[in-house]
Structures are given as structure tokens and as C-alpha cells.
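# Quick one: sequence plus predicted model below, questions after.
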Amino acid sequence: MTHHVLVVDDDPTISDVVRRYLEQDGCRVRLVGNGEAALAAAAAEMPDLVVLDLMMPGIDGLEVCRRLRKDAPELPVLMLTALGEEPDRVAGLEVGADDYVTKPFSPRELTLRIRSILRRAAQTDKPHPVLVDGDLIVDTSRRVATIGGAPVKLTKGDFDLLAFLMAHPGRTWSHQQLLEKVWGWSVGEAGTVTTAMARLRAKIQPDTGSPQRILTSYGAGYRYERVTSRA
């Protein structure tokens, strides 16, 4: 299957390099240089994935991601950020980006990341069970999570992480294992897991003084403990 990838970057050199590598990988690529053009291109033909530069004149990458996700909540988005812009990378994940790559980057690594995201996106079409732990219900087919009947607002990455942990209660997963199992990366930054875990915890266990469900196995990683299994 040929995937349609929209690349949004105001640097033509970067855009051209990304285009060549993606086309070699069998993708159909459209290049645009700003946020306004990105929104117009997506309205004309919704892509299978967007590679989105964070810092652009006019409408920046964060706002483009917000608007795209309103019309297409499941649209995979990979953000390009400058080295050292950690707050911006966190903001990108908060508005729904599935992944980020820092500049300068390896075009081959970018291609592998895109392939992993597309593979995970395809898996969401398969039927999956409903995961239940007390008042927390995660419907992995409809990709909806609720606590006490109230919807929990999760990014695509948040949802994938929560569903994976709930499906393997009691088992400790290291940062590297989670990068491989949830993100599909053989190489990646541990900070991605740390940031995602903190964000997810805040959404499903607001009482930080008495953590439940997602627990830290110090020096080893994280594990999910079912609240319904406790006495």
C-alpha cells in the first residue's frame, strides 16, 4: 500500500531530503512550506501521516496539529523540533503529536519512525477487547477511555501507552521495552517515556500523594497494578 505523507517545513533543503527518502521507501509525498498551506492541503486530500515542523512563520506547528486533530483525531503526526527545545516537544505531544524528531536528524531514522507510526495506525483497525479496571474503562476498538463514566482526554500516544500497560498488569517494563512495544522504536530517548508517563498519570490518577494504577519500579521502569485486585 502506498502511503500519502504531507511534509510541512519552511526549509526547502530539509523538505527535499525528507521527500527523497520517503519516496525511496514507497511513499507518495506532498511538500508545503507553511501552516496555512498545510491546512489547505489536508482539506483537499487528507494524508495518511503528517511530518510537521514546529517552528514556522504564521500558523506554527502546534496550531496546525490542533486544527488537524479536530477534523481527523486519528491522523498520525510526527513533529520536527530543534535540538534543546524540550518544552516545545512536550507541547507537541500534548496537542496530539505521535512522535517527534530533533534537528539535525538522520533521514533514515525519520523514515523508520514514520514506518513504525503507520504500522501502529494500521493496527487500530483490528478488533480489540475492552479493558476494565474498577471505574476505568478503555475500549481499544473505539479508542475511548472513561473514568467513572466521564471521558478521559488522551492523545493517541497516551491511549496506546495506557492500553498496553493495562493489558499486562503487574509486569514491569523498562524505558527501552516501552519504546519498542508502544512506540515501535529500537532506538529512542528515555525522556519520551518519562514525559508520556507523567502526562498519563496526571489524567488517570490526579492524587499524586496516593498513586494508583501506574507505579514506578525504582531502577527498573513502570508497571500497571489493577485497583480491583487490591484488598
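Yes, it's here. In this text the structure is predicted, and so the values were computed from the model without any measurement.

# Now find how far off-centre stretch 69-86 is within its chain.
Its chain's C-alpha centre and that of stretch 69-86 lie 8 Å apart, by Cα atoms, centre = their mean, to the nearest Å.

# how about that stretch as CSV, C-alpha atoms only?
This file holds the C-alpha atoms of stretch 69-86, laid out as CSV (Å, rounded to 0.1, in the frame of the first residue of the first chain):
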residue,chain,number,x,y,z
ARG,A,69,-6.7,16.7,15.0
LYS,A,70,-10.2,18.4,15.2
ASP,A,71,-11.1,17.1,11.8
ALA,A,72,-9.0,13.8,12.0
PRO,A,73,-8.4,12.7,15.6
GLU,A,74,-6.5,9.6,14.5
LEU,A,75,-4.3,11.3,11.9
PRO,A,76,-0.7,10.4,12.7
VAL,A,77,1.6,13.4,13.2
LEU,A,78,5.4,13.4,13.6
MET,A,79,6.9,16.8,14.7
LEU,A,80,10.3,18.1,13.8
THR,A,81,11.8,20.2,16.6
ALA,A,82,15.2,22.0,17.1
LEU,A,83,17.7,20.4,19.4
GLY,A,84,17.2,21.6,23.0
GLU,A,85,13.6,22.7,22.7
GLU,A,86,12.2,20.2,25.3
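
# which parts of that stretch are buried?
69, 75, 76, 77, 78, 79, 80, 81, 85 (16 or more other Cβ atoms under 10 Å). Every residue, glycine included, has its C-beta placed from N, CA and C.

# so who does residue 27 touch?
Contacts for residue 27 (Cβ atoms under 8 Å, 6 or more residues apart in numbering) come out as 2, 3, 4, 5, 114.

# now, which of the buried residues of stretch 69-86 sits nearest residue 33?
Using Cβ to Cβ, residue 80 is the member of the buried residues of stretch 69-86 that sits closest to residue 33, with 13.2 Å.

# strands paired with the helix or strand the closest one falls within, and their directions?
Applying DSSP states H and E as the criterion places residue 80 in strand 77-82. Its sheet considered, strand 77-82 pairs with strand 49-53 (parallel), strand 99-103 (parallel) by DSSP bridges.

# mind putting the buried residues of stretch 69-86 in CSV, pLDDT included?
Output for the buried residues of stretch 69-86, formatted as CSV (pLDDT from 0 to 100):
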residue, pLDDT
69, 81
75, 85
76, 88
77, 90
78, 90
79, 88
80, 89
81, 84
85, 59
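
# Go through the helix or strand where residue 194 lies and flag the buried ones.
According to DSSP H and E, residue 194 maps onto helix 190-204. Within helix 190-204, the residues that qualify as buried are 192, 193, 195, 196, 197, 199, 200, 201, 204, counting by 16+ other Cβ under 10 Å.
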